[in-house]
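> One predicted model, sequence on top.
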Number of protein chains: 2
Amino acid sequence: MDRLDRQLQFAAEAGRLKGVLRQTVLTDPARRENSAEHSWHLAVMALALAEHAPPGTDIAAVLAMLVLHDLVEVDAGDLSVYASDSAQARQNAAERAAADRIFALLPADQARVLRGLWDQFEERATSEARFARALDRLQPMLENVRAGGGTWQAQAVTADRVMSKVALIEDGSASLGRFARKMVEQAVADGILAPASDRADARDAAGQGGTTEASSGR
Amino acid sequence: MDRLDRQLQFAAEAGRLKGVLRQTVLTDPARRENSAEHSWHLAVMALALAEHAPPGTDIAAVLAMLVLHDLVEVDAGDLSVYASDSAQARQNAAERAAADRIFALLPADQARVLRGLWDQFEERATSEARFARALDRLQPMLENVRAGGGTWQAQAVTADRVMSKVALIEDGSASLGRFARKMVEQAVADGILAPASDRADARDAAGQGGTTEASSGR
């Protein structure tokens, strides 16, 4: 099979991401978001928020990572960031198998490069990956605020659980981390996010079935 | 309003593109595609097909252009590439007004840069813009072939009309242009696309109401 055939087969396979629904509820239109739309929205955010990345961050690499980061959900589906550790371990294995299959549709040299970007996003070892991951965390929080609570309320997630996810935003962007922290505090003040529960077991229970800021599991 | 507020307002406005339906019919899932998904799929194609761009093409600029190119449809909606000249002139004016409004949500310095990318895409004066436009033409053709005819059949568009759009693909990428030409010929041979009509008035009639490879009108 020639290179172009392989490249087009990869692109066609990617198109199936339009059918993978995330937990996030959109307000306009009122329905669940799919992973293709989500990936595109993150790319827009990377362009609009580029100055919040650490100096020297390569925004082109961030864009490419964001475009590719959820491709594995064609096989593995979407999992809540509040899922249990065991569910996340299963998801990680499924995503890795999906990456093996999907990137291998490409010519070998390209498969290595694009799979390398996916691995980089997962490993969070570069400022590009950390900024991309911060956007991936921030976007569903913004949608929840816009929806007046969204999946936070539907899944009874409390502010302490949400704050534990803000750390990953702070890790990728100091200014976006500060913004997210204030936004979560404001959501509590506005009554659209429940304050921290002091029952640790309630938190664990919420974590099991919780489907709030959906993302690729971590 | 501070810069971050403006950047997030722009990103929120962009999110409305998830509600703009295109003419293109997807096979998996079976429904009409929206402009957000379409934009993301073009970005995937830019990564997979980068080697088909002319040497020296800046793929990062292509990615950014593709991510932004349909934002104006938040206000202007989507129009078929086979729409009449007068409908396309109205669409052009509506898109320009939308660009004025939407990019102005950003801080002025960023508005200039991102609007500049949008203008570049429209003007097709750079190899980046021409390659991006080629992908924007190719993607709906691929979906039509996958759908066994798709909107070609639904709208009774003939091969000569489709071939007239292949020129724009050839202009952005010689190899993708050759591929598209062969694909259209094969579609005729396979009976999923009607051969050229020899009645010029029939062609004009198809052009008026035709909704096939939906794109931003040109």
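Perfect, thanks for sending it.
> which intervals of chain A have sub-threshold pLDDT?
Residues of chain A meeting the criterion pLDDT under 70: A:1, A:198-218.
> what about the strands in it?
Taking DSSP state E to define them, one finds strands in chain A at A:21-27, A:30-34, A:79-80, A:214-215.
> could you redo these as TSV and give each row mean neighbour count and distance to chain B?
Every C-beta, even on glycine, is put in place using the N, C-alpha and C of the backbone. TSV is the format used below for these (neighbours: other C-beta atoms under 10 Å in any protein chain shown; distance: least, C-beta to the nearest C-beta, whole Å):
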stretch	mean neighbour count	distance to chain B
strand A:21-27	21	6
strand A:30-34	17	7
strand A:79-80	24	20
strand A:214-215	25	15
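> Make JSON lines from the ones you listed and add distance to B:D58 to it.
As requested, those are arranged in JSON lines below (distance: least, C-beta to C-beta, whole Å):
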{"stretch": "strand A:21-27", "distance to B:D58": "32"}
{"stretch": "strand A:30-34", "distance to B:D58": "29"}
{"stretch": "strand A:79-80", "distance to B:D58": "36"}
{"stretch": "strand A:214-215", "distance to B:D58": "30"}
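> out of those strands, nearest to B:A132?
strand A:30-34 (23.2 Å; C-beta to C-beta).
> related to what we said a few turns ago, quick one: which of the strands of chain A is nearest A:A167?
With C-beta to C-beta as the criterion, A:A167 lies closest to strand A:214-215 of the strands of chain A, at 14.1 Å.
> mind listing the helices for chain A?
Counting by DSSP state H, chain A has helices at residues A:3-15, A:35-48, A:59-68, A:73-76, A:85-103, A:108-123, A:127-146, A:150-154, A:159-172, A:174-189, A:200-209.
> circling back: which one, of the strands of chain A, ends up nearest to B:H38?
Nearest to B:H38, of all those, is strand A:30-34, at 12.4 Å by C-beta to C-beta.
> Give me the sheet partners of that closest one and which way each runs.
Using DSSP bridges, strand A:30-34 pairs in its sheet with strand A:21-27 (antiparallel).
> Restricting to C-alpha, output the partner strand in PDB.
Provided in PDB are the C-alpha atoms of strand A:21-27 (Å, rounded to 0.1, in the frame of the first residue of the first chain):
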ATOM      1  CA  LEU A  21     -19.200  11.100  23.300                       C
ATOM      2  CA  ARG A  22     -17.600  12.700  26.300                       C
ATOM      3  CA  GLN A  23     -19.200  13.300  29.700                       C
ATOM      4  CA  THR A  24     -19.100  17.100  29.200                       C
ATOM      5  CA  VAL A  25     -22.500  18.700  28.500                       C
ATOM      6  CA  LEU A  26     -22.600  21.600  26.100                       C
ATOM      7  CA  THR A  27     -25.000  24.500  26.600                       C
END
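> on that earlier part again, rebuild the helices of chain A as CSV, extending it with mean neighbour count and distance to B:A60.
CSV is the format used below for the helices of chain A (neighbours: other C-beta atoms under 10 Å in any protein chain shown; distance: least, C-beta to C-beta, whole Å):
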stretch, mean neighbour count, distance to B:A60
helix A:3-15, 19, 18
helix A:35-48, 27, 11
helix A:59-68, 25, 3
helix A:73-76, 22, 25
helix A:85-103, 16, 20
helix A:108-123, 16, 13
helix A:127-146, 24, 12
helix A:150-154, 21, 33
helix A:159-172, 19, 20
helix A:174-189, 17, 22
helix A:200-209, 13, 39
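> With distance to B:K18 added, can I get these in JSON lines?
Shown next, in JSON lines, are these (distance: least, C-beta to C-beta, whole Å):
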{"stretch": "helix A:3-15", "distance to B:K18": "16"}
{"stretch": "helix A:35-48", "distance to B:K18": "5"}
{"stretch": "helix A:59-68", "distance to B:K18": "16"}
{"stretch": "helix A:73-76", "distance to B:K18": "17"}
{"stretch": "helix A:85-103", "distance to B:K18": "24"}
{"stretch": "helix A:108-123", "distance to B:K18": "22"}
{"stretch": "helix A:127-146", "distance to B:K18": "11"}
{"stretch": "helix A:150-154", "distance to B:K18": "15"}
{"stretch": "helix A:159-172", "distance to B:K18": "22"}
{"stretch": "helix A:174-189", "distance to B:K18": "21"}
{"stretch": "helix A:200-209", "distance to B:K18": "26"}
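> now the ones you listed in JSON lines, with distance to chain B?
As requested, the helices of chain A are arranged in JSON lines below (distance: least, C-beta to the nearest C-beta, whole Å):
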{"stretch": "helix A:3-15", "distance to chain B": "4"}
{"stretch": "helix A:35-48", "distance to chain B": "4"}
{"stretch": "helix A:59-68", "distance to chain B": "3"}
{"stretch": "helix A:73-76", "distance to chain B": "10"}
{"stretch": "helix A:85-103", "distance to chain B": "10"}
{"stretch": "helix A:108-123", "distance to chain B": "6"}
{"stretch": "helix A:127-146", "distance to chain B": "7"}
{"stretch": "helix A:150-154", "distance to chain B": "13"}
{"stretch": "helix A:159-172", "distance to chain B": "13"}
{"stretch": "helix A:174-189", "distance to chain B": "6"}
{"stretch": "helix A:200-209", "distance to chain B": "25"}
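> Of all these, which one is nearest B:G19?
helix A:35-48 (9.9 Å).
> A:D70: what's it in contact with?
Contact analysis of A:D70 by C-beta atoms under 8 Å, 6 or more residues apart in numbering or on different chains lists A:17, A:20, A:35, A:38-39, A:78, A:216.
> so how far is A:L21 from it?
A:D70 is 12 Å from A:L21, where distance means C-beta to C-beta, to the nearest Å.
> Overlap in contacts, the two.
Joint contacts of A:D70 and A:L21 (C-beta under 8 Å, 6+ apart) are A:35, A:78.
> Of all the strands of chain A, which one is nearest A:E123?
Comparing the strands of chain A by C-beta to C-beta, strand A:214-215 comes nearest, at 15.8 Å.
> Now for A:A36: which residues touch it?
Residues counted as contacts of A:A36 (C-beta under 8 Å, 6+ apart) are A:15, A:17-18, A:20, B:36-37, B:40-41.
> same deal with A:G172?
A:53, A:127, A:130-135.
> can I assume A:Q88 is in contact with A:S80?
No - using C-beta atoms under 8 Å, A:Q88 makes no contact with A:S80, being 9.3 Å away.
> got a list of what A:A180 touches?
A:137-138, A:141, A:166, A:169-170.
> Adding distance to A:P107 as columns, could you present these in a markdown table?
What follows is the contacts of A:A180, written out as a markdown table (distance: C-beta to C-beta, whole Å):
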| residue | distance to A:P107 |
| --- | --- |
| A:R137 | 33 |
| A:L138 | 34 |
| A:M141 | 38 |
| A:V166 | 40 |
| A:I169 | 36 |
| A:E170 | 39 |
